[in-house]
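Chemist: Everything below, folded, please.
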Amino acid sequence: VSMPACQPRIVEKGLASDRVVVEAVIAKYCDHLPLYRQAAILEREAGLEIGRATLDGWVMRVGELLQPVVTAMRQDLLKASYLQADETIVPVQMHDKRGADHQAYLWQYGKPGGETVFDFCMSRAREGPQKFLGQWEGILQTDGYQAYENIGGPKLVHVGCWAHARRKFVDAVKVHPEDGAAIQMVLRMDALFLVDRHARQRQLSVEERLALRREHAETWAEEIRQECQALLKTVLPQSAVGKAAAYTLNMWPKLRRCFDYAEVELSNNLVENSMRGVALGRKNWLHVGSVKSGPKVAAILSIIESCRRLGVPAKDYLLAVLPGLDHRMVSDVAQITPARWSGAHN
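Modeler: The predicted structure is shown next:
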């Protein structure tokens, strides 16, 4: 008697089908539905009593399988010449009887128009981006957080974010709505973004966009610098507008570089928008269950967010690549990242 080999499954020898496992992952990380709610829904709608530990085992199995894929995605990112980075808090449940969560961080590195990778770290220290980037030498766009200084290779170019500078003046206007100087500064920075919006509407190339910036926006940028210098002579250093002006001038060499490199965006809003899923999920599933779970959660988030950016249906992708993923060769895994899988199927 002979029979064909069993088809590979996500959870080997488990009772749950691949689709059920993927649905649990999608519900938690796309729809921000914590596992205890999923368990309650399954019991109410289908009469199934599935413990949260079982659901968590499925999800962590997916995270474990996806880690080699995310490693390949990181290698692809480090071949790019331009990356954006940001970080956000993610509480981690510590099993040390303290009863308090540890404040860990998810660092995100992404390529505009491409994939993004989340890196789980237990702190906000410089060691996180240092380890991830290694000796990478490209253009790195971030906010003004000091941990991004002195990382990467010696030729790394650090670019600032105009949206962060603008946000400081917006906060100053909220404190003093009648502050004409702060309002004018916001309007000047809005003019910079209008130039880029015009370039997008005309579907200009990055080189044409750079020429447009230099023609129309560079004079606005120089006026912003001069006005910030004048403001610091007339306002209190600890006032909201004083802090905004000081931040802009401190970041000026990095902010100015958007007029030097064609591919650079005016802001890293794209990578900040990719953090929204983490922020929404954090309000629902509250924390990561353990330190060991952190890298698995980061792997799932990397895939989910990369699929969203690329317009790839996350459910279809996971159902296609997860079964038998742990039996694939390393060289094969590199060919099924969301970007490559999407390209092969389109």
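Chemist: mind checking pLDDT for the nearest residue to V241 once chain neighbours are set aside?
Modeler: Using CB to CB, 6 or more residues apart in numbering and skipping residues adjacent in sequence, the residue nearest V241 is A172, 4.2 Å away. The C-beta positions use only the backbone N, C-alpha and C, and glycine is treated the same way. Model confidence at A172, given as pLDDT, is 91.
Chemist: swap in A5?
Modeler: A5 is assigned 77 on the pLDDT scale.
Chemist: tally of neighbours for it?
Modeler: 5 (other CB atoms under 10 Å).
Chemist: Please report how far it lies from A163.
Modeler: Here the criterion is CB to CB, to the nearest Å. By it, A5 lies 54 Å from A163.
Chemist: Same question for Y82.
Modeler: 17 Å.
Chemist: thought S342 was touching P313?
Modeler: No. With contact defined as CB atoms under 8 Å, S342 does not reach P313; the gap is 9.6 Å.
Chemist: Of those two, give the one with the bigger neighbour count.
Modeler: Between S342 and P313, counted using other CB under 10 Å, the more crowded position is S342 (17 against 13).
Chemist: quick one: that one is in a helix?
Modeler: Yes. Under DSSP: H, G, I helix; E, B strand; the rest coil, S342 falls within a helix.
Chemist: for it, what are its contacts?
Modeler: For S342, the contact set (CB atoms under 8 Å, 6 or more residues apart in numbering) comprises L310, G311, V312, Y317.
Chemist: Let's see that with 10 Å instead.
Modeler: By CB atoms under 10 Å, 6 or more residues apart in numbering, the contact list for S342 reads E115, S306, C307, L310, G311, V312, P313, Y317.
Chemist: What strand or helix carries the second one?
Modeler: Mapping S306 onto the secondary structure by DSSP states H and E places it in helix 294-310.
Chemist: Figure out how far that helix is from the centre of its chain.
Modeler: Relative to the chain's own centre, helix 294-310 is displaced by 9 Å; criterion: CA atoms, centre = their mean, to the nearest Å.
Chemist: residues of it that come out buried?
Modeler: 294-310 (16 or more other CB atoms under 10 Å).
Chemist: now the longest strand seen in the chain against helix 294-310, angle please.
Modeler: As assigned by DSSP state E, the longest strand anywhere in the chain is strand 82-93. Orientation of strand 82-93 against helix 294-310 (axes from the mean of the first three to the mean of the last three CA atoms, to 10 degrees) gives an angle of 140 degrees.
Chemist: which helices and strands sit right next to strand 82-93?
Modeler: Contacts defined by 3 or more CB pairs under 10 Å, 6 or more residues apart in numbering; DSSP states H and E place strand 82-93 against strand 101-110, strand 116-121, helix 127-133, strand 139-141, strand 157-159, helix 269-273, helix 276-285, helix 294-310.
Chemist: And the helices in the stretch 151-300 of the chain?
Modeler: Remark: helices assigned in the stretch 151-300 of the chain by DSSP state H, counting those that start in this stretch are 162-175, 180-201, 206-212, 218-232, 240-250, 252-256, 269-273, 276-285, 294-310.
Chemist: so which of those comes closest to A72?
Modeler: helix 294-310 (10.8 Å; CB to CB).
Chemist: Contacts for stretch 251-258, please.
Modeler: Stretch 251-258 is contacted by residues 139-144, 148, 157-162, 164-165, 168, 192, 196, 210, 213, 217-218, 221-222, 224-225, 228-229, 248-249, 264-267 when judged by CB under 10 Å, 6+ apart.
Chemist: Quick one: residues contacting Y36.
Modeler: Neighbouring residues of Y36 by CB under 10 Å, 6+ apart: G51, R52, L55, D56, W285.
Chemist: and it, what pLDDT?
Modeler: Here the pLDDT value assigned to Y36 is 90.
Chemist: ok so, going back, which members of the contacts of stretch 251-258 are classed as buried?
Modeler: The neighbour count (16+ other CB under 10 Å) marks 139-144, 148, 157-162, 164-165, 168, 192, 196, 210, 213, 217, 221, 224, 228, 248-249, 264-267 as buried among these.
Chemist: one step back: so which of the contacts of Y36 wins on neighbours?
Modeler: Ranking these using other CB under 10 Å puts L55 first, with 23 neighbours.
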